[in-house]
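Undergrad: Okay, predicted coordinates and the sequence, questions at the end:
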Amino acid sequence: MAVTFYDLSSAAGLKKLDEYLLSRSYITGYQASKDDLTVHAALSKAPSANYVNASRWYNHIEALLRISGVSGEGSGVTVKGSAPVAESVATPPAADSKTSAAEDDDDDDDVDLFGEETEEEKKAAEERAAAVKASAKKKESGKSSVLLDVKPWDDETDMKKLEEAVRSVQQEGLLWGASKLVPVGYGIKKLQIMITIVDDLVSVDNLIEDYLTAEPINEHVQSVDIVAFNKI
């Protein structure tokens, strides 16, 4: 039996969604999927705190969309009484269809769930659907952990100023981590420093060539080498 929700802009519709999510983290399955995007897009705003389960689920999906999007295919869900926002596909697993048919019938007797949409609600739903679909297409950017060797010109180089100059480089997707000084001989020490980067935003080669070994930092830094490069 396919999962179907009616008129999620109404109190009755939200109540049904809240009851449905009482024992579930997602609309179908065990990970966020297009089914969650379908229901999320059908909501004109976040459910109030009165709907504890629906509010918890909505905030979780909002957080996923801000961070990385949602790519799971899902099992299929239908939302009626609002503009269609995604294709309904297959019947969800039996484990996700625990709502009592008797409870459904009781609520249906009391409330007409097929509410008519206004043009404003329809437009808002379409805009939300477009935004959700765009977010779902975004591929999560990978991250990498990189260990750098930063070598000074000689033993007279002020290593404190060298590190300050290195850390002064700021870019979106670049995070400076722990560091230490390592002796290399003849009284000279090198700076070993860890960075975390978002691969799509930061090129380590460009970071070294355009910043760490360019003016004015090259007043302190002779060269920079990549010691280790690991995907996170």
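TA: The structure has been received and is ready for your questions. Numbering: from 1, shown residues only.
Undergrad: Buried ones in stretch 174-189, by neighbour count?
TA: Of the residues in stretch 174-189, those scored as buried under the neighbour-count criterion (16 or more other C-beta atoms under 10 Å) are Leu174, Ser179, Leu181, Ile188, Lys189. Where you see a C-beta, it was placed from the backbone N, CA and C, and this is true even at glycine.
Undergrad: So which residues of the chain form helices?
TA: Along the chain, the segments classed as helices by DSSP state H run 11-20, 34-42, 52-67, 101-110, 119-137, 159-167, 204-207.
Undergrad: and the ones you listed, which is most packed in?
TA: For those, the stretch with the most neighbours on average is helix 34-42, a mean of 26; neighbours defined as mean count of other C-beta atoms under 10 Å.
Undergrad: Quick one: residues contacting Leu201.
TA: By C-beta atoms under 8 Å, 6 or more residues apart in numbering, the contact set of Leu201 is Ser141, Gln171, Glu172, Gly173, Leu174.
Undergrad: how about it, phi and psi?
TA: phi -110, psi -30 (degrees, to the nearest 10).
Undergrad: and the gap between it and Phe229?
TA: 16 Å (C-beta to C-beta, to the nearest Å).
Undergrad: what does the domain assignment say about the chain?
TA: What the record gives for the chain is the domain set 3-137, 143-231, from automatic domain parsing.
Undergrad: if we can go back for a sec, can you add mean pLDDT and distance to Val77 and give the helices of the chain back as TSV?
TA: Written out in TSV, the entries for these read as follows (pLDDT from 0 to 100; distance: least, C-beta to C-beta, whole Å):
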stretch	mean pLDDT	distance to Val77
helix 11-20	90	10
helix 34-42	86	4
helix 52-67	85	13
helix 101-110	49	15
helix 119-137	68	13
helix 159-167	95	49
helix 204-207	94	43
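Undergrad: Is it possible to get JSON lines of those helices that adds distance to Lys151?
TA: What follows is those, written out as JSON lines (distance: least, C-beta to C-beta, whole Å):
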{"stretch": "helix 11-20", "distance to Lys151": "60"}
{"stretch": "helix 34-42", "distance to Lys151": "50"}
{"stretch": "helix 52-67", "distance to Lys151": "37"}
{"stretch": "helix 101-110", "distance to Lys151": "71"}
{"stretch": "helix 119-137", "distance to Lys151": "43"}
{"stretch": "helix 159-167", "distance to Lys151": "9"}
{"stretch": "helix 204-207", "distance to Lys151": "16"}
